[in-house]
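1. attaching a predicted model along with its sequence, questions to come.
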Amino acid sequence: MPATTSLNVIILAAGQGTRMKSALPKVLHPLGGRPLLGHVIQAAKQLKPAKLIVVYGHGGRQVMETINDPDIHWAEQKEQKGTGHAVDQAMGHVDDESTVLVLYGDVPLIETDTLSQLVYEAGGENLALLTVHLDDPTGYGRIARNEHGKVKYIVEQKDADSHELTIKESNTGILAVNGGKLRNWLGQLENNNAQGEYYLTDIIAMAVRDGVDVRTSHPETEAEVEGINSRSQLAKMERVYQRQQAEALMASGVTIIDPARFEVRGEVEVGRDITIDVNVILEGKVRIGDNVTIGANCVITNSEIAAGVEIRPMCVIENAKVGSGCIIGPYSRLRPGADLAGDNHIGNFVEIKNSNIGLGSKVNHLTYIGDTDMGSGVNIGAGTITANYDGANKHRTTIEDNASTGSNSVLIAPVKVGKGATLGAGTILRKDAPEGELTLITTKQKTIPGWKRPKKTK
């Protein structure tokens, strides 16, 4: 594309998607944790277009609210009258001197490099089509060429004759062309076809008639141009997408034990020499440092994992920070606001929420730590609970450096355990525990002589 020509991108996203059998607009169904339309927008934005226009229809308000992007121009297609009609609804935002790229909101895996080549082929003066050769082109429009190999027209399957149905080169619907030419041809479209719709593909024959060079380019893989119209197709493309994510991570130095049992539902930033076991799910924005191991069946969401961390199986980590050298799990849950300074041991059936855990502190067994500021070198005994909620408000607990709590202690916030303090097993702490001292509940143990266990009455 010449440097002087701006790019306008139109994304068609008005379809209802009746085969999805869903109240959710088709383009909002998730692929890899992101709406289908979101994938297309991301690919388009990498081209740095002057304008990005989305044509909406079914569930329009929900689509706009979900995407919520101030850089997008929205155009409504109130009636579904075909692709040509849909593009025409966007033309009020299009600059005649621009190159216009037409994309589809239900074709999520299109690559930016493929689009860049297509725009280059358009060159500001030509019409460029993205075509693909399919063994089974059923459902696709066919590319008809003359004896010199030049494109003559596109025929939709329902309008094709027996000869045209044998053509394997298929139309993806994605094209690039000058905005002014596109506006002129859209005004000449007619709907005298089997569907009674205004086909965008009819502009190809108009371009040939007007002496415009029609060029073609092709995607690297068929998956790039596959549309999604059913839940079965969505599941198929999910597997393709997840394999792509796994391959990219492995290429950057990550060992994935089984790429077929691994999911990325967001954006992942990784270091080197990371090992990920089976059935791991990474959601949102996840950052993983060097030499991290993640055990089987873990879910990590919007979190930072520093270097040298070992995450054992069955852990859930959400909106948390894990410092270097930590050992997490198995069966640990780090909830939002959990911030581990480093070299921490967080063991089985431990839950931490909205708490700062100091360097080297250990919370190993059957424990809940919530709304707590914990110093370094602290040891939390099994079954310890910070009772942070009074039924209306949350309160914080402070546990200073080198303190230790005995098993089954309950710390009723707001309360402080002083530096080096020790709590005896079973302590219910309602007042601050002084620095360096042992605090415990002194209740007398009693045995009842001759007591008999009750028996069930027949």
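-> Okay, I see it. Remember, predicted model here, so these are calculated numbers, not experimental data.

2. shaky segments in this protein?
-> Along the chain, the model assigns pLDDT under 70 to residues 1-4.

3. for it, which segments are assigned as helices?
-> 36-45, 60-67, 83-90, 112-122, 179-186, 203-209, 231-251 (DSSP state H).

4. will you turn those helices into a markdown table that also has mean neighbour count and distance to residue 299?
-> All C-beta spots, glycine's among them, are computed from the backbone N, C-alpha and C. Converted to a markdown table, the helices of the chain look like this (neighbours: other CB atoms under 10 Å; distance: least, CB to CB, whole Å):
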| stretch | mean neighbour count | distance to residue 299 |
| --- | --- | --- |
| helix 36-45 | 22 | 21 |
| helix 60-67 | 16 | 23 |
| helix 83-90 | 23 | 39 |
| helix 112-122 | 19 | 30 |
| helix 179-186 | 19 | 46 |
| helix 203-209 | 19 | 48 |
| helix 231-251 | 16 | 15 |
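
5. dump those helices into CSV; add distance to residue 215 as well.
-> Listed next are the helices of the chain as CSV, based on distance: least, CB to CB, whole Å:
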stretch, distance to residue 215
helix 36-45, 20
helix 60-67, 32
helix 83-90, 19
helix 112-122, 4
helix 179-186, 14
helix 203-209, 10
helix 231-251, 28
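
6. so for residue 350, which of the ones you listed sits nearest?
-> Ranking the helices of the chain by distance to residue 350, with CB to CB as the measure, places helix 231-251 first at 28.4 Å.

7. residues making contact with that closest one?
-> For helix 231-251, the external contacting residues (CB atoms under 8 Å, 6 or more residues apart in numbering) are 20-21, 29, 31-32, 108-109, 223, 226-228, 256, 259-260, 262-264, 268, 270.

8. same question for stretch 136-153.
-> Under CB under 8 Å, 6+ apart, the answer for stretch 136-153 is 129, 131, 134, 154-157, 160, 164-165, 167-173, 201-202, 204-205, 208, 214, 216.

9. using ChimeraX, define a selection of the buried residues within the residues you listed.
-> This is the ChimeraX syntax for the buried subset of the contacts of stretch 136-153, where burial follows 16 or more other CB atoms under 10 Å:
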select :129,131,154,155,156,160,164,167,169,170,171,172,173,201,202,204,205,208,214,216
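
10. among the contacts of stretch 136-153, which ones are in strands?
-> Counted as lying in strands by DSSP state E, out of the contacts of stretch 136-153, are 129, 131, 154-155, 169-173, 214, 216.

11. JSON lines for these, including distance to residue 302?
-> Shown next, in JSON lines, are the ones in strands among the contacts of stretch 136-153 (distance: CB to CB, whole Å):
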{"residue": "129", "distance to residue 302": "41"}
{"residue": "131", "distance to residue 302": "40"}
{"residue": "154", "distance to residue 302": "45"}
{"residue": "155", "distance to residue 302": "48"}
{"residue": "169", "distance to residue 302": "44"}
{"residue": "170", "distance to residue 302": "40"}
{"residue": "171", "distance to residue 302": "40"}
{"residue": "172", "distance to residue 302": "35"}
{"residue": "173", "distance to residue 302": "35"}
{"residue": "214", "distance to residue 302": "46"}
{"residue": "216", "distance to residue 302": "42"}
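
12. tell me the one of the residues you listed nearest residue 41?
-> Of those, the one sitting nearest to residue 41 (CB to CB) turns out to be residue 173, at 17.0 Å.

13. residues contacting the closest one?
-> With CB under 8 Å, 6+ apart, residue 173 has these contacts: 83, 102, 104, 107, 141, 200-201.

14. wait, which of the residues you listed is closest to residue 347?
-> residue 107 (46.7 Å).

15. nearest spatial neighbour of the closest one, chain-adjacent residues omitted?
-> Among residues not flanking residue 107 along the chain, residue 227 sits closest, at 5.0 Å (CB to CB, 6 or more residues apart in numbering).

16. what's the domain layout of this structure?
-> Following automatic domain parsing, the chain resolves into domains at 7-225, 231-439.

17. take these and lay them out in TSV including distance to residue 457.
-> What follows is the domains of the chain, written out as TSV (distance: least, CB to CB, whole Å):
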stretch	distance to residue 457
domain 7-225	56
domain 231-439	34
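
18. picking up where we left off before, distance of the residue nearest to residue 107 relative to residue 233?
-> Applying CB to CB, to the nearest Å, the value for residue 227 to residue 233 is 8 Å.

19. just residue 128 next, same as before
-> 26 Å.

20. in contact with residue 180, which residues?
-> Per CB under 8 Å, 6+ apart, neighbours of residue 180: 96-97.

21. the same query, at a cut-off of 6 Å, please.
-> residue 96 (CB atoms under 6 Å, 6 or more residues apart in numbering).

22. likewise for the one 5 residues further on?
-> The neighbours of residue 185, taking CB under 6 Å, 6+ apart as the test, are 203, 206.
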